[in-house]
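1. I would like the atomic coordinates for the input below:
(2 chains)
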Amino acid sequence: MSIDKRIVDDLVANDVSFITTVPCKQLAGVIDEVDARPEIFHIPSNKEDEGMGLCAGAFMGGKRPAIIMQNTAIGVTINTLATLTQYYRMPLPMIISYRGELREPVACQVEMAVHTKALLNQLNIPTYHFHKESDADELDAILKYTFMCNKPVAILTDASFWGGYGDQ
Amino acid sequence: MIRSEILRDIAPILRDQLVICNIGLPSQELHMIDDQPTNFYMLGTMGLSSSIGLGLALSQPKTVIAIDGDGSVLTNLGTLPTIANNVADNYILLIIDNGSYGSTGDQPTYAGKKTSLTAVAKACGCDNVVEVQDKDLGPVLQAAIDGKKQTVIVCKCESGNIKLPVITMDPVVIRDRFMKAVAS
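-> Numbers count the residues shown, from 1 in each chain, chains lettered A, B, ... in the order given. Predicted coordinates for the structure are as follows:
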């Protein structure tokens, strides 16, 4: 089974039915899979803080939400994470493409990569780093943990996890 | 009319609906005028009232009114294409457009100058966009609720604020009370 399908299977099995996405090349397969599933309402957003607002509304409407985005978005969403998601105590799994790690071909991506874990740590956001494909075995438990504690939780997925960038 | 006068005018219409209310003075005013469990007050996060309201409308069947301001919509202008392309017929975006950033001291916004949010919303693909003058809002809002079609209302009014206290209710209490009202 493809890793994209495994990830979305875990989301569906945990009753996640409202997913917003901002694209990344590494996440393209997951986003396609999210879009194809009838159990999931997929709503692309134009910016990640907008997406977190959508997720907050969906949660209050009784749905389990999730956001799929790049790690550069951590720089965009700190205020929203602190004053909306955390302040009102809402769960939000964040499946994040961790650009700027080993095998990264674009130098500028490294500039946010070096801040990513420090910012998540500063925000007291539980953070999991998927480096090998077998790390995804924990996704089911991470999703259960997220909806148990009503917190945003970060799942960083790096290039090695996705098998590199191909010909990029 | 200024925003607080408008909110007082439409409070009887809002009372029976789910309301997401914008950060700062709009939430403080609505809280003072007619606090209801069906009101979700934003205590932070400028710009996201329309997005929270859309997510809520797409996730359950009750009517949702997101009260926003011209400055806040300009902060999150990407919201309008998302609204246009994800139609929820139980969703009304009410933009109270006074051409200024009221909560921070009435600095002018571009919506009070050359930029028309009505035209922007239409250009983004929103189907039912209504521009209305402050005193005429009540019937237009009621018609949007009764019509059960996604609607963006741009309510033009004067800038100006009243003095009133901040909301001291705990955010988790606001959220919990609101979610119970949504589910009831």
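2. quick one, helices of chain B?
-> For chain B, helices defined by DSSP state H occupy the ranges B:3-14, B:25-34, B:49-59, B:70-75, B:79-85, B:117-123, B:137-147, B:171-183.
3. Select, out of those, the one closest to B:Leu94.
-> helix B:137-147 (6.8 Å; C-beta to C-beta). Quick note: C-beta positions are derived from backbone N, CA and C, even for glycine.
4. Helix, strand, or coil at A:Ile155?
-> Using DSSP: H, G, I helix; E, B strand; the rest coil as the criterion, the local structure at A:Ile155 reads strand.
5. can you pull the pLDDT of it?
-> A:Ile155 is assigned 98 on the pLDDT scale.
6. pretty sure it is in contact with A:Ser97, am I right?
-> No - A:Ile155 is not in contact with A:Ser97 according to C-beta atoms under 8 Å; the separation is 10.1 Å.
7. And the nearest residue to B:Gln28 once chain neighbours are set aside, how far from B:Asp97?
-> The shortest distance from B:Gln28 to any non-neighbouring residue, by C-beta to C-beta, 6 or more residues apart in numbering or on different chains, is to B:Leu164 (5.2 Å). Noted for B:Leu164: a distance of 21 Å to B:Asp97, by C-beta to C-beta, to the nearest Å.
8. Those two - which one has more neighbours?
-> B:Asp97 (27 against 13; other C-beta atoms under 10 Å in any protein chain shown).
9. Got phi/psi on A:Ala141?
-> phi -70, psi -40 (degrees, to the nearest 10).
10. looking at chain A, which helix or strand does the model trust least?
-> Of all the helices and strands that make up chain A, helix A:159-162 has the lowest average by mean pLDDT, DSSP states H and E, namely a mean of 94.
11. Please save the CA atoms from that one in PDB.
-> Below are the C-alpha coordinates for helix A:159-162, written out as PDB (Å, rounded to 0.1, in the frame of the first residue of the first chain):
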ATOM      1  CA  ALA A 159      12.400  14.300   2.300                       C
ATOM      2  CA  SER A 160      13.900  11.000   3.400                       C
ATOM      3  CA  PHE A 161      10.500   9.900   4.600                       C
ATOM      4  CA  TRP A 162       9.000  10.700   1.100                       C
END
